[in-house]
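Novice: Provide a 3D model corresponding to the input given below.
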Amino acid sequence: MAKDGQTSGAKRLSEFNEHDPGQTQTLDFISIISELSNMSGVFKALADPTRRHVLQLLRSGPMSAGELADHFDVSKPTMSAHFAVLREANLIAAEKNGKSVFYHLKLSVLEEALMGFAQTFGLGAERQRARASAKRRAAT
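Specialist: Residues are numbered from 1 along each chain as shown. Predicted structure coming up:
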């Protein structure tokens, strides 16, 4: 049970599937659509060179919105819009500290999107199969 007295979403989903196994395919499809939607948001965010530069700057650590904006020759509302797209894609997180907003990179989301994209086209599958085969040979 979760803290609020309800079962966790995964447990409810599991119980739901046990009662109606035909729903598993529907739920898998919904999961795939959700992943593709998230991936689309990430790639939309990455499509703009300014947003890519923001991500590069945040690799060194959290920065305030003002510090980030100082690196660009655009208006503050334009930077705000870029930050919003990056937040929507879940690539950055914002933390308010007094009057300042600090952003930090959520690298795991970017990694997951890139891995998902690669897997969509079978990229990396050969390497994974080779590793698995090598592990099996080493175990025998």
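Novice: how deep is the nearest residue to Val101 once chain neighbours are set aside tucked in, by neighbour count?
Specialist: Distances taken as Cβ to Cβ, 6 or more residues apart in numbering put Ala65 closest to Val101, at 4.7 Å, once the chain neighbours are dropped. No exception for glycine: its C-beta is placed from N, CA and C like everyone else's. Ala65 has 16 neighbours, counted by other Cβ atoms under 10 Å.
Novice: residues contacting Ala65?
Specialist: 79-80, 83, 100-103 (Cβ atoms under 8 Å, 6 or more residues apart in numbering).
Novice: just the helices in this structure please.
Specialist: 9-19, 23-46, 49-58, 65-69, 76-88, 107-120, 125-139 (DSSP state H).
Novice: least reliable of these going by mean pLDDT?
Specialist: When those are compared by mean pLDDT, helix 9-19 comes last with a mean of 46.
Novice: related to what we said a few turns ago, from the contacts of Ala65, which single one is nearest Asp73?
Specialist: Met79 (10.5 Å; Cβ to Cβ).
Novice: ok, Ala134 - how many residues close by?
Specialist: 10.
Novice: With Leu114 as the reference, measure out to it.
Specialist: 24 Å (Cβ to Cβ, to the nearest Å).
Novice: Also Phe83?
Specialist: For Phe83 relative to Leu114 (Cβ to Cβ), the value is 21 Å.
Novice: The two: who's more crowded?
Specialist: Phe83 (19 against 15).
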